[in-house]
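Colleague: Predicted coordinates and the sequence they were generated for:
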Amino acid sequence: MKYFKNYRPLTATPYRCSEAYVEMEPCAALKPYIRCFWGSQGIYLQEAGVMEQDVVVPDTCMDIIFTWDYTNNRLYSGFCGIDDRAVPGSDSRVERLHLSVFGIRFYAWSAVLFSEEPMRVCRNFCGDASIYYSWLVRELGEKLWEMPQIGERVRLAEAALLRRMDLRREEPVFMEAVTEILSRRGALRMHELAQDIHVSDRHLQRVFQENMGVSPKRFASLVRYQNLWRDILTVPGRQVLDEVCLLQYTDQAHLMREFKRYHGMTIPQACALAGKSVAF
């Protein structure tokens with residue numbers, strides 16, 4: 001799989017960095033498949049009564065999340081499949097806990113390479129990681145209990161993932177279609193995509209459902225939204241009408257409507273949450 005350096009999907013709060021959340025780059029061999037490792041820098045104290053507000057936006061990724069509760073001696077492992085919606089979060093903590101968190105954020109097209117199951121029903125899934133990654137839960141869960149520092153966890157996770165990665169599971173038609181969608185920033189129509197890679201629409205639908213859990217049309221729409229979100233935050237002076245043209249939205253209203261659909265809020269509200277003032 002070609003590594004698209006210019007495609008770096010973003011969360012709703014891409015500048016977030018604290019003792020409870022930091023991101024780390026994967027090694028070169030895993031960069032085409034893993035967006036980042038993330039989690040707490042070590043064991044941190046979660047105070048009771050603290051209200052946390054956040055929103056999870058579609059970032060074209062899938063996450064395995066380990067949470068170690070050192071106060072109650074418990075381990076939780078979860079898996080979040082590809083999302084095509086914004087999920088607002090508001091959580092008031094009722095217990096004072098010593099926690100540690102470690103996450104592996106796969107690109108949506110590569111999570112299947114490490115999974116024990118196809119991805120056909122993982123759309124908007126959030127549940128037990130053992131359903132898809134029991135091997136990883138067994139291999140990392142208890143070992144990482146004794147390794148609270150994120151750097152140590154990343155090294156152990158990388159070794160496990162490199163041993164497990166099976167590139168023979170890459171389906172050529174699927175990967176060719178993903179490459180085309182990424183290279184065109186999601187701004188293409190499905191009949192064009194099928195013609196470009198010389199397959200039928202039906203076959204294209206099947207391989208996307210099997211390997212990613214969403215249709216190629218929905219994935220292209222999410223990629224376009226993610227490119228819009230990055231442009232909003234990183235391209236000074238970019239105007240709405242520029243993005244309408246570059247990303248082939250029908251008009252300004254279409255752009256605004258689709259952004260709000262995926263982000264759950266308007267562009268000014270999203271920029272405020274991200275902690276960046278942008279005149280867009």
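Modeller: That came through, no problem.
Colleague: so when I look at Gly225, I'm seeing a helix, right?
Modeller: Just so we're on the same page, residue 225 is Tyr rather than Gly. Yes - assessed with DSSP: H, G, I helix; E, B strand; the rest coil, Tyr225 lies in a helix.
Colleague: how near is it to Leu247?
Modeller: 9 Å (C-beta to C-beta, to the nearest Å). C-beta coordinates here come from the backbone N, C-alpha and C atoms, glycine included.
Colleague: where along the chain do the strands fall?
Modeller: Using DSSP state E, the strands of the chain run over 22-24, 34-39, 44-46, 51-56, 61-69, 74-80, 87-92, 97-107, 126-128.
Colleague: what would those look like in JSON lines with mean pLDDT, mean neighbour count and distance to Ile150?
Modeller: As requested, these are exported to JSON lines (pLDDT from 0 to 100; neighbours: other C-beta atoms under 10 Å; distance: least, C-beta to C-beta, whole Å):
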{"stretch": "strand 22-24", "mean pLDDT": "97", "mean neighbour count": "15", "distance to Ile150": "6"}
{"stretch": "strand 34-39", "mean pLDDT": "97", "mean neighbour count": "22", "distance to Ile150": "5"}
{"stretch": "strand 44-46", "mean pLDDT": "88", "mean neighbour count": "14", "distance to Ile150": "11"}
{"stretch": "strand 51-56", "mean pLDDT": "74", "mean neighbour count": "13", "distance to Ile150": "20"}
{"stretch": "strand 61-69", "mean pLDDT": "96", "mean neighbour count": "21", "distance to Ile150": "11"}
{"stretch": "strand 74-80", "mean pLDDT": "95", "mean neighbour count": "17", "distance to Ile150": "16"}
{"stretch": "strand 87-92", "mean pLDDT": "68", "mean neighbour count": "11", "distance to Ile150": "22"}
{"stretch": "strand 97-107", "mean pLDDT": "95", "mean neighbour count": "21", "distance to Ile150": "7"}
{"stretch": "strand 126-128", "mean pLDDT": "96", "mean neighbour count": "13", "distance to Ile150": "22"}
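Colleague: Could you export those as TSV, including distance to Ala220?
Modeller: Listed next are these as TSV, based on distance: least, C-beta to C-beta, whole Å:
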stretch	distance to Ala220
strand 22-24	26
strand 34-39	18
strand 44-46	39
strand 51-56	21
strand 61-69	16
strand 74-80	21
strand 87-92	21
strand 97-107	15
strand 126-128	23
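Colleague: Specify the stretch among those strands that is closest to Pro172.
Modeller: Closest approach to Pro172 among the strands of the chain (C-beta to C-beta): strand 97-107, 17.3 Å.
Colleague: Determine the set of other helices and strands touching that closest one.
Modeller: When contacts are defined as 3 or more C-beta pairs under 8 Å, 6 or more residues apart in numbering; DSSP states H and E, strand 97-107 sits against strand 34-39, strand 44-46, strand 61-69, helix 150-164.
Colleague: TSV for these, including distance to Val112?
Modeller: Converted to TSV, these look like this (distance: least, C-beta to C-beta, whole Å):
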stretch	distance to Val112
strand 34-39	13
strand 44-46	33
strand 61-69	9
helix 150-164	12
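Colleague: Sketch out the low-pLDDT regions of the stretch 101-250 of the chain for me.
Modeller: Within the stretch 101-250 of the chain, no range satisfies pLDDT under 70.
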